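**Student:** below: sequence and its predicted model.
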Amino acid sequence: MSDATPEDETEPEAGSPDEADPESWWLDPRVGEELYGDRFSAVYSRLGISGVGAVGVGNTIKIVNNLGRPSAKPVIADLMGVADLLKVYVPTAADEGLRRKLDELSAAGLGGRPYTGRRSTAIVALARRHGPDRVNEILLPDDVDPAELGRAGDSIKEDHGYLLQLPGNKHGRVIRVLAGLLRRRGASLLLIRDDDSRAGARPGAEVPHRPPDPVDVFRTHLRHHLCDRLGSTDEDSDRALDGYLQHDGLTTDLHSCYGPREAVSIAEAVGAVHPADDDTVAQVLTRSQPRRRAHAAEVLGTDRSSSAETGTGRRPRRIDQHERAFRIAYAVFARQPLHYVFEAAGLLLEEIDGQAKRTDWGRMALQYPVAELLGPLKVDWHDSRDATNSPGGSSRSAWLRDGAMRGAIIDEAWHEFDSTRPALLEWLNKLVAAGDEPMQRAAAEAAGLLAHHDFDRVCTDLVDKWAASPKPRLRQAAAWAMVAADMGGQVGHLVRRQIRDWAGGGRNYQRDAAARVYASGLQQPDLSWSLADLRRIAQDPMQQHTYTVAQGIRQLYTAHTADRVVAELVNWSEQRQLQPHAAHALLELAEHVDDDSPGGVPDLLLRAAAQEVDSGGLVQLWRLALLSPARSRWAWDAFRRWLISADADETVRKVVASLVADLAAGPSLRRRMDFSLDRSPHFNGGLPEWLDAAMRR
């Protein structure tokens, strides 16, 4: 089923003015740091966090079922860093209850709010029962029935602990499916769920979770840093801890933390500057999440002192709203030229007036200078006067000394001025619909943050509409919003459900938006889930002449996933409808060079030389690309670059020579290769001996 396309909104060709450059689709992880601060998801930061709140990045994935089918399958992951977690774990009231439940039952539950350390509590309970090297995680795609877990079979090992985090109310079904198998294997399962029930309605096998004391979390992590990393004695560490906790405001800030992860971040920041005097600790605390929230409240407050300057005892009409609108726009457009802030602030004021059904007062002009409108942010703005702070060489930009204040201010606007929420959402919609790429990107990122507070509303009012738009730039905004939302970690399951709905639905525009989400940097818990979505999207006739799927493959490719990505593309090359995507994706990967690559050799070529990818599969993919009428010129240019790399670097010469020999075995491709190399400036003096021998092998 295809979308009906109005005559005045036909699908633009790739590279048209309405299309963003695919090189710019990827969403920089720095955006997540700005929006979420300490809550930034470790999946995007590529950091393995061992401690309260997050562990297990970089897991070894074991497939429960085969990969060849189009639907995603459950996987079992080996959790890493469990032993390190045990060193810094702070006990909670749930520990004893979990121990008793696991003594009695093969499966139990842990109910609690996100960001409270519930995941660490579950992992520690399993590690204490089975050992730190015997803890695994079961990952279940949202649209897969829990009954699929009944096929796990030998994947459930004897005397191992398994963690499963599920949204919704599927927990009872999972326990029924796995209870017998777990009991026979002497294994245990802990299910984590969001605690949205009243105390009296809690399932009998579930233990309630509450976060650990934040001061204890700070003490434990800082002591670990001082003793294990800096080599301090226990006595010196305790003395230093007591001294730090006497600092004015530190204990208050710790008790204001939204979960243990923020307390861990404060401990790590203090440990990084140890030994630190009061002034240094004070500087560290200014960049903590509690202080950011307090500063955001100050930023969106009003400066009553200016009323005295008017001599009237009250402020000029609408100045409070003007200041707030300008400061919100300043945060949304952080690192962008200041003209975006002026334009966006005016649009926000118009939207607020429209929601209030007030007469349009028009744009304010030449009334208030930037410094007065910014109030507490004027110091940040003065720091931006260096032209290097702003893209495009602008002398002024919306600059925040602490980048994470961006998300704190947007959060404050959403929570403290809730009557303006409809205006904020419609404002973001107008920015995406009418603005250029920087404006669309900034608005989409803000929408992603707000999805953490009301996912259904933000999707219904904004993101779903963007994803279904005939205009590629709006679909790209939907993709940015979903990736930005996923960076915060809390709504990842909702993001993935949305993407799978788009990918498997009946609207080709939404399928394209789903592919753009992958091209913008989304990471599924397992690579096979992402590839299954892209395979489904690639079968859409609308995708046959676009580069969206290939860009998604490019973002999924890493040194660690190269073999699986190439194997998937080889499968695609055997299906007529998927062949254009396989050829395009190969060329994207064939030209990709890591920053640290020796001599600029493409990474895929390095992986082939190291026998980390199937050389036979590469032959099949190169043959497809070189014979593709639509991509022939690009393919031969990319292939010549591989030959030039091999001529300059002996470490990759052998694999390229073998590739050339296999390709030249076909008469048609051999003739084309002769024609291409004869006209290559690099080989106009004759083919090097190794290449000539490979072609005539």
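**Tutor:** All right, it came through fine.
**Student:** only C-alpha atoms for contact and neighbour calcs from this point on.
**Tutor:** Will do.
**Student:** show the end-to-end separation of stretch 220-232, please.
**Tutor:** For stretch 220-232, the first-to-last residue distance is 14 Å (CA to CA, to the nearest Å).
**Student:** tell me the buried residues in it?
**Tutor:** Neighbour-count burial for stretch 220-232, counted by 16 or more other CA atoms under 10 Å, picks out 220, 221, 222, 223, 224, 225, 226, 227, 232.
**Student:** nearest to residue 376 among those?
**Tutor:** Closest to residue 376 out of the buried residues of stretch 220-232 is residue 222 (32.1 Å), distances taken as CA to CA.
**Student:** name the helix or strand for the closest one, please.
**Tutor:** When elements are defined using DSSP states H and E, residue 222 is found to belong to helix 214-224.
**Student:** what is that helix packed up against?
**Tutor:** Helices and strands in packing contact with helix 214-224 are listed as helix 82-88, helix 234-245, helix 250-255, helix 260-273; criterion 3 or more CA pairs under 8 Å, 6 or more residues apart in numbering; DSSP states H and E.
**Student:** residues in contact with that helix: which ones?
**Tutor:** The set of residues external to helix 214-224 that reach it, using CA atoms under 8 Å, 6 or more residues apart in numbering, is 87-90, 234, 237-238, 241, 251, 254-255, 257, 259-260, 263-264, 266-268, 270-271.
**Student:** which PyMOL command selects the buried ones in those residues?
**Tutor:** In PyMOL, the members of the contacts of helix 214-224 classed as buried (16+ other CA under 10 Å) are selected with the following command:
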select buried, resi 88+89+90+237+238+241+254+257+259+260+263+264+266+267+268+270+271
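**Student:** how about the strands in the stretch 51-200 of the chain?
**Tutor:** Using DSSP state E, counting those that start in this stretch, the strands of the stretch 51-200 of the chain run over residues 60-63, 75-78, 107-112, 135-139, 161-165, 188-194.
**Student:** possible to save these as JSON lines with distance to residue 337, mean neighbour count and mean pLDDT?
**Tutor:** What follows is the strands of the stretch 51-200 of the chain, written out as JSON lines (distance: least, CA to CA, whole Å; neighbours: other CA atoms under 10 Å; pLDDT from 0 to 100):
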{"stretch": "strand 60-63", "distance to residue 337": "43", "mean neighbour count": "15", "mean pLDDT": "35"}
{"stretch": "strand 75-78", "distance to residue 337": "44", "mean neighbour count": "21", "mean pLDDT": "86"}
{"stretch": "strand 107-112", "distance to residue 337": "43", "mean neighbour count": "24", "mean pLDDT": "91"}
{"stretch": "strand 135-139", "distance to residue 337": "43", "mean neighbour count": "23", "mean pLDDT": "91"}
{"stretch": "strand 161-165", "distance to residue 337": "42", "mean neighbour count": "24", "mean pLDDT": "92"}
{"stretch": "strand 188-194", "distance to residue 337": "41", "mean neighbour count": "24", "mean pLDDT": "91"}
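**Student:** mind putting the ones you listed into JSON lines with distance to residue 283?
**Tutor:** JSON lines is the format used below for the strands of the stretch 51-200 of the chain (distance: least, CA to CA, whole Å):
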{"stretch": "strand 60-63", "distance to residue 283": "39"}
{"stretch": "strand 75-78", "distance to residue 283": "39"}
{"stretch": "strand 107-112", "distance to residue 283": "33"}
{"stretch": "strand 135-139", "distance to residue 283": "39"}
{"stretch": "strand 161-165", "distance to residue 283": "37"}
{"stretch": "strand 188-194", "distance to residue 283": "35"}
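**Student:** so which of those is nearest residue 282?
**Tutor:** When those are compared for distance to residue 282 using CA to CA, the nearest one is strand 107-112, at 32.6 Å.
**Student:** run the chain-centre distance for the closest one.
**Tutor:** Put simply, strand 107-112 sits 27 Å off its chain's centre (CA atoms, centre = their mean, to the nearest Å).
**Student:** just stretch 131-144 next, same as before
**Tutor:** For stretch 131-144, the distance between its averaged C-alpha position and the chain's averaged C-alpha position is 20 Å (CA atoms, centre = their mean).
**Student:** relative to residue 566, how far out is residue 629?
**Tutor:** Distance of residue 629 to residue 566, computed by CA to CA: 22 Å.
**Student:** more neighbours, these two?
**Tutor:** In this comparison of residue 629 against residue 566, neighbours counted by other CA atoms under 10 Å, the higher total goes to residue 566 at 24 against 10.
**Student:** so that one touches residue 613, yeah?
**Tutor:** Yes: contact criterion CA atoms under 8 Å: residue 566 and residue 613 qualify, at 6.9 Å.
**Student:** hmm, back to that, which one, of the strands of the stretch 51-200 of the chain, ends up nearest to residue 29?
**Tutor:** strand 60-63 (22.9 Å).
**Student:** do you know which of the strands of the stretch 51-200 of the chain lies nearest residue 683?
**Tutor:** Taking CA to CA as the criterion, residue 683 comes closest to strand 60-63 out of these, the separation being 44.3 Å.
**Student:** what would the buried residues of stretch 220-232 look like in JSON lines with distance to residue 682?
**Tutor:** Shown next, in JSON lines, are the buried residues of stretch 220-232 (distance: CA to CA, whole Å):
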{"residue": "220", "distance to residue 682": "62"}
{"residue": "221", "distance to residue 682": "58"}
{"residue": "222", "distance to residue 682": "59"}
{"residue": "223", "distance to residue 682": "61"}
{"residue": "224", "distance to residue 682": "58"}
{"residue": "225", "distance to residue 682": "55"}
{"residue": "226", "distance to residue 682": "58"}
{"residue": "227", "distance to residue 682": "59"}
{"residue": "232", "distance to residue 682": "60"}
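**Student:** could you list the low-pLDDT ranges of the chain?
**Tutor:** Under the criterion pLDDT under 70, the flagged ranges of the chain are 1-22, 41-72, 168, 196-204, 302-317, 355-367, 384-395, 418.
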